[in-house]
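K.L.:
no FASTA, just this:
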C-alpha cells in the first residue's frame, strides 16, 4: 500500500442526512465524483471524515462504501483510534470492510510516555494484517528513537505529522534513515497542509493530505502540480490569493478545520449534510467568503 501513496491524498467528509444519520449514497457520490479528479488514495472516516463521531457499525459501513466506490483504483485507508482494545476493534472492522490500511489517530489519554505509546502501536499492529500509518498530533509526540523502532515493525509503514514541529520531524526523518528502514513514508498532516508543504518537503516529508480537495479539487491539484514542477509563481499566487486568507478565516473559530470544509463541500453541490456534535456549523458568510476566494484564485490562474 505505501508504495501506491504517491500523489495528492483525498480525505472525504462523511455524509449525514437531515436527521443526522449516515447517508451512504451521499457519501458514495462525494467520493465517486472526487475520484474522477485523480487523487492517489482515499482516506475514509479519518479526521476530516469525523471519525470520533462515528459508531463502530456505521464506521464499517462507510469504509466499505469507500472501498466499493474506489474499486481498487486507489488504496483506501481508514481512520482508527482510541485505546488499544477499541483501536483493535476498529481495525477489525476496517479489515472486514476491505480497507488497505489504517491511519492511526492518537489514543485516548496518552500520557504513558514513549514506552506506553510503543506498546499501544505495536499491539495494534500485531492484531491486524493492515498497514498502519501513525498520526502524531494533539497530545501525542513521538520521539525520533521511538519512531525508528516502530518503523521496524513490518506493517507500520509511515508517520503523519500534525504537530508542525519541523525540528522534531527532521530528527525523526534522520533517525529512521540512520536505522536503515527503507520504504518508510512521511506525511504532512497539518490542517490545510498546502501552507506548510514547501517546508515539509525540504526536510524529507514528500506527502500530504488536502482537505481543500473536498470542495476545490482544481485548486488543490494546481498547487500539487506546481509543487512537483517547482513552479514558484503558481505556488505564490495560490498561497497569496487563496490558501493564506482561507487559513486565516479557518483559524478564527474552533472546529473550522472540519466544519468549514464540509459546509463548502455542501455548497458546491455535494450531498454531505451537516456536522455532528460537538462540531457546529460555520457562519454562512464565512462559507461565501471561501467560495469567493476560490473563484478569485481561479481567475488569476486562468
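P.N.:
Ah, there it is. Given the structure is predicted, the values throughout are model-derived calculations rather than measurements. Numbers count the residues shown, from 1 in each chain.

K.L.:
ok, for residue 270, nearest residue in space, not its chain neighbours?
P.N.:
residue 30 (4.7 Å; Cβ to Cβ, 6 or more residues apart in numbering). Any C-beta I mention is one placed from the backbone N, CA and C, and that applies to glycine too.

K.L.:
my guess is that neighbour is in a helix, correct?
P.N.:
Yes. Assigned with DSSP: H, G, I helix; E, B strand; the rest coil, residue 30 falls within a helix.

K.L.:
pretty sure it is touching residue 272, no?
P.N.:
Yes. Using Cβ atoms under 8 Å, residue 30 is in contact with residue 272, at 5.7 Å.

K.L.:
Give me the common contacts of those two.
P.N.:
Contact with both residue 30 and residue 272 is made by residues 13, 15, 265, according to Cβ atoms under 8 Å, 6 or more residues apart in numbering.

K.L.:
Residue 147: which of the residues you listed is nearest?
P.N.:
residue 13 (29.4 Å; Cβ to Cβ).

K.L.:
any idea how far residue 4 is from the residue nearest to residue 270?
P.N.:
Distance, residue 30 to residue 4, using Cβ to Cβ, to the nearest Å: 22 Å.

K.L.:
Now the phi/psi pair for residue 134, please.
P.N.:
phi -90, psi 140 (degrees, to the nearest 10).

K.L.:
my read is residue 60 is in a helix, agree?
P.N.:
Yes. Assessed by three-state DSSP, residue 60 belongs to a helix.

K.L.:
mind listing what the residue lying closest to it once chain neighbours are set aside touches?
P.N.:
The spatially closest residue to residue 60, leaving aside those adjacent along the chain, is residue 93, at 4.0 Å (Cβ to Cβ, 6+ apart). Applying Cβ under 8 Å, 6+ apart to residue 93 gives the contacts 56, 59-60, 63.

K.L.:
that older thread, neighbour count for residue 30 and residue 4, which is higher?
P.N.:
residue 30 (24 against 12; other Cβ atoms under 10 Å).

K.L.:
Can you give me the end-to-end span of stretch 28-42?
P.N.:
12 Å (Cα to Cα, to the nearest Å).

K.L.:
Same question for stretch 225-244.
P.N.:
Stretch 225-244 end-to-end distance (Cα to Cα) = 18 Å.

K.L.:
and if you look at stretch 272-289?
P.N.:
For stretch 272-289, the first-to-last residue distance is 20 Å (Cα to Cα).

K.L.:
what's the model's confidence in it, averaged?
P.N.:
Confidence over stretch 272-289 (mean pLDDT, whole number) is 98.

K.L.:
Now do it: distance to the chain's middle.
P.N.:
Mean C-alpha position of stretch 272-289 versus that of the full chain (Cα atoms, centre = their mean, to the nearest Å) differs by 19 Å.

K.L.:
Turn the shared contacts of residue 30 and residue 272 into CSV, columns for secondary structure and neighbour count.
P.N.:
CSV is the format used below for these (DSSP: H, G, I helix; E, B strand; the rest coil; neighbours: other Cβ atoms under 10 Å):
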residue, secondary structure, neighbour count
13, coil, 27
15, coil, 26
265, helix, 24
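
K.L.:
Quick one: residues contacting the residue nearest to residue 270.
P.N.:
Counted by Cβ under 8 Å, 6+ apart, residue 30 has contacts 12-13, 15, 214, 265, 270-272.

K.L.:
likewise residue 22?
P.N.:
Contacts of residue 22 (Cβ under 8 Å, 6+ apart): 14-16, 54, 58, 61-62.

K.L.:
Closest to residue 23 out of these?
P.N.:
residue 15 (4.1 Å).

K.L.:
was I right about the closest one contacting residue 274?
P.N.:
No. With contacts counted by Cβ under 8 Å, residue 15 stays clear of residue 274, the gap being 10.0 Å.

K.L.:
residue ranges with poor pLDDT in this protein?
P.N.:
109-110 (pLDDT under 70).

K.L.:
Going along the chain, name the strands of it.
P.N.:
For the chain, strands defined by DSSP state E occupy the ranges 9-10, 41-44, 76-80, 101-104, 131-136, 156-161, 185-188, 207-210.

K.L.:
now for the fifth one, which elements pack on it?
P.N.:
Using 3 or more Cβ pairs under 8 Å, 6 or more residues apart in numbering; DSSP states H and E as the contact criterion, the neighbours of strand 131-136 among helices and strands are strand 101-104, helix 113-126, strand 156-161.
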